[in-house]
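Colleague: Fold the following.
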Amino acid sequence: MTVMVFRADRVLAVLRQKREAFATFDRGLSERREWYRQAMEKLCQWSSAKIAERVARLAFPGALPTQEWDLYSSWTVPFKQKWNSYEESYEWARPVIKNIPTFAVDGSQIYPSKDLSIPVALVQIGWYENYHCDQGLYQKDIQVDVLTPKDLEAGSSGEPKESIVNRRRFQMETEKVAEYIWQSRPGSQKLAFLDGVLVATFAETLDAKSQDFYVECLLQVLRASEQNRIPVVAYIDTTYSSDLVTLLRHCFDLPEAPYLHDAQLLSSWLEWGDRTPFFVCACSGVLNPQEGILNRYQEMQRRVGFVYLRTTNENFPARLEIPVWVYEAGLLDWLVDLVRCEVIIGRGYPYVLETADQVAVIRNEDRNLFLRLMQEWASREKLNLRLSRKTLSKLQRRRI
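Modeller: Numbering: from 1, shown residues only. All right, here's what the predicted structure looks like:
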């Protein structure tokens, strides 16, 4: 059997033929980007009251400014610290974050596979809490769940099994964050990180039941945070949100620009450590501007805000989604400083999130061990579970 190799020369030939299509797209995007850049300059001359009045007729104008907009009259809240080396930045971070616990949770999964004769999946979450004390104390652990054929709705020909597994992972992660917040002394100085979002825009293309599920998981976190006064921040390293793009479009009647996103427009405004003023999230729906996911957030519909923070000079700014109560309580600068500290310690990415990911990750050898455990357990329990011949062969060659 002849194995065909990748022919780069043929791909390049096709790209040359279609160059004009790419060039046309790039010109159109550049033109719209310039229109929005000019709008950003103009909006700096507007007060938050004028902006709010302009979009008052809209249920979801993308974003709503806070009093910080009037304070800075700019897209930039500057970070005044400057360093000449990583060591200098680390020396700044150490006393700022000292004795302030930070917590994060992450998850991974093994999806149902044809390697097993019955549908079964594994979800594992891992968490990490760093006390940032001189003794170097920390805690980390995992929690696992095995999804049975009943859990996976094996008799149904409807929802993909992967979606069911993803929901369970999300539920376990958010439940753990909410549990951490409720177990904390009310109002204590600590910060919980969520690797993801507080506004579940990713769920908008799903069915109504799934949307409600994801929103309810996040409402548990938001309610716990506000009621127990423990801050939480959702850190989105690579974001394609366009809440500010939508706000600019409504304020200046600009044409739609579906390929523009906030972080792209803000990049030239922010140097390392700089952030934007705090905005309240009022994102519109992806499919229907008046039927966005925030319609399902009940009393929390206007209780999530965001800033963009420059955490690396190489990439676009990161998005931080933060409960509005944190801003109202005067804790925003404190929270953002802690994020800066975590990014410094992690050399570009929050160390607490990076470590939680390492705790939670399921490696390939872990998957092989899971398959072997399932086979041995089923044999003892006299259950009719079989591994595929190919998988058996692999496990015999790679004894764990």
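
Colleague: List the buried residues in the one helix or strand Cys341 maps to.
Modeller: Secondary structure assignment for Cys341, by DSSP states H and E: helix 332-345. Using 16 or more other C-beta atoms under 10 Å as the test for burial, helix 332-345 gives 332, 335-345. To be clear about C-beta, it is placed using only N, CA and C from the backbone, and glycine gets the same treatment.

Colleague: try stretch 286-302
Modeller: Neighbour-count burial for stretch 286-302 [16+ other C-beta under 10 Å]: 289, 292-294, 296-297, 300-301.

Colleague: swap in stretch 234-250?
Modeller: 234-237, 239, 241-250.

Colleague: In strands, which of those appear?
Modeller: Among those, DSSP state E puts 234-236 in strands.

Colleague: In TSV, list the residues you listed along with pLDDT and distance to Ala39.
Modeller: Below are these laid out as TSV (pLDDT from 0 to 100; distance: C-beta to C-beta, whole Å):
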residue	pLDDT	distance to Ala39
Ala234	98	27
Tyr235	98	28
Ile236	97	24
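
Colleague: Show me the helices in the stretch 51-200 of the chain, by range?
Modeller: Ranges of helices in the stretch 51-200 of the chain, per DSSP state H, counting those that start in this stretch, are 67-72, 86-97, 161-183.

Colleague: same check, this time on the stretch 251-400 of the chain
Modeller: Ranges of helices in the stretch 251-400 of the chain, per DSSP H, counting those that start in this stretch, are 262-266, 324-328, 332-345, 351-360, 364-380, 389-397.

Colleague: So which elements touch the first one?
Modeller: For helix 262-266, the packing partners by 3 or more C-beta pairs under 8 Å, 6 or more residues apart in numbering; DSSP states H and E come out as helix 19-43, helix 243-252, strand 304-309, strand 318-323.

Colleague: what residues does that helix touch?
Modeller: By C-beta atoms under 8 Å, 6 or more residues apart in numbering, the surrounding residues in contact with helix 262-266 are 33, 36-37, 40, 75, 239-245, 276, 308, 316-319.

Colleague: Give me the below-cutoff pLDDT ranges for the stretch 1-150 of the chain.
Modeller: Residues of the stretch 1-150 of the chain meeting the criterion pLDDT under 70: 1-4, 26, 28, 115-117.

Colleague: Show me the residue at the heart of the protein, geometrically.
Modeller: Geometric centre of the chain, nearest residue: Gly196, 2.0 Å, by C-alpha atoms, centre = their mean.

Colleague: Could I get the contacting residues of that one?
Modeller: By C-beta under 8 Å, 6+ apart, Gly196 lies in contact with 173, 234, 236.

Colleague: Format these as JSON lines; extra columns: distance to Gly136.
Modeller: Below are these laid out as JSON lines (distance: C-beta to C-beta, whole Å):
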{"residue": "Glu173", "distance to Gly136": "26"}
{"residue": "Ala234", "distance to Gly136": "27"}
{"residue": "Ile236", "distance to Gly136": "29"}
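
Colleague: of all those residues, which comes closest to Glu365?
Modeller: Nearest to Glu365 among the contacts of Gly196, counting by C-beta to C-beta, is Glu173 at 23.4 Å.

Colleague: okay, the buried residues of stretch 286-302 in JSON lines with pLDDT and distance to Lys98 next?
Modeller: As requested, those are exported to JSON lines (pLDDT from 0 to 100; distance: C-beta to C-beta, whole Å):
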{"residue": "Pro289", "pLDDT": "70", "distance to Lys98": "46"}
{"residue": "Gly292", "pLDDT": "85", "distance to Lys98": "41"}
{"residue": "Ile293", "pLDDT": "94", "distance to Lys98": "38"}
{"residue": "Leu294", "pLDDT": "95", "distance to Lys98": "37"}
{"residue": "Arg296", "pLDDT": "95", "distance to Lys98": "40"}
{"residue": "Tyr297", "pLDDT": "97", "distance to Lys98": "36"}
{"residue": "Met300", "pLDDT": "97", "distance to Lys98": "32"}
{"residue": "Gln301", "pLDDT": "96", "distance to Lys98": "37"}
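
Colleague: In the residues you listed, find the pair that's most separated.
Modeller: Pro289 and Met300 (19.9 Å).

Colleague: what is Leu64 paired to in the beta sheet?
Modeller: Val280 (DSSP bridges).

Colleague: which ones are touching it?
Modeller: Leu64 neighbours (C-beta under 8 Å, 6+ apart): 51-52, 55, 247, 279-280, 282, 302.

Colleague: Same question for Thr276.
Modeller: 75-77, 266, 269-270, 307-309, 317.

Colleague: Neighbour-wise, give me the winner out of those residues.
Modeller: Tyr308 (27 neighbours; other C-beta atoms under 10 Å).

Colleague: Low-confidence stretches in the stretch 201-350 of the chain?
Modeller: In the stretch 201-350 of the chain, residues with pLDDT under 70: 287.

Colleague: Phe60 and Gln290 touch, don't they?
Modeller: Yes. Here Phe60 reaches Gln290: they are 6.8 Å apart, a contact under C-beta atoms under 8 Å.

Colleague: Give the intersection of the neighbour lists for the two.
Modeller: Ser284.

Colleague: Quick check: closest non-adjacent residue to Ile362.
Modeller: In this structure, Ile362 finds its nearest non-sequential neighbour in Ser108, 4.4 Å apart by C-beta to C-beta, 6 or more residues apart in numbering.

Colleague: In this structure the one you found contacts Arg363, no?
Modeller: No. If you go by C-beta under 8 Å, Ser108 and Arg363 don't touch, sitting 9.2 Å apart.

Colleague: the more surrounded of the two?
Modeller: Neighbour count, other C-beta under 10 Å: between Ser108 and Arg363, Ser108 has more, with 18 against 9.

Colleague: picking up where we left off before, pull out the buried residues from the contacts of Leu64.
Modeller: 51, 55, 247, 279-280, 282.
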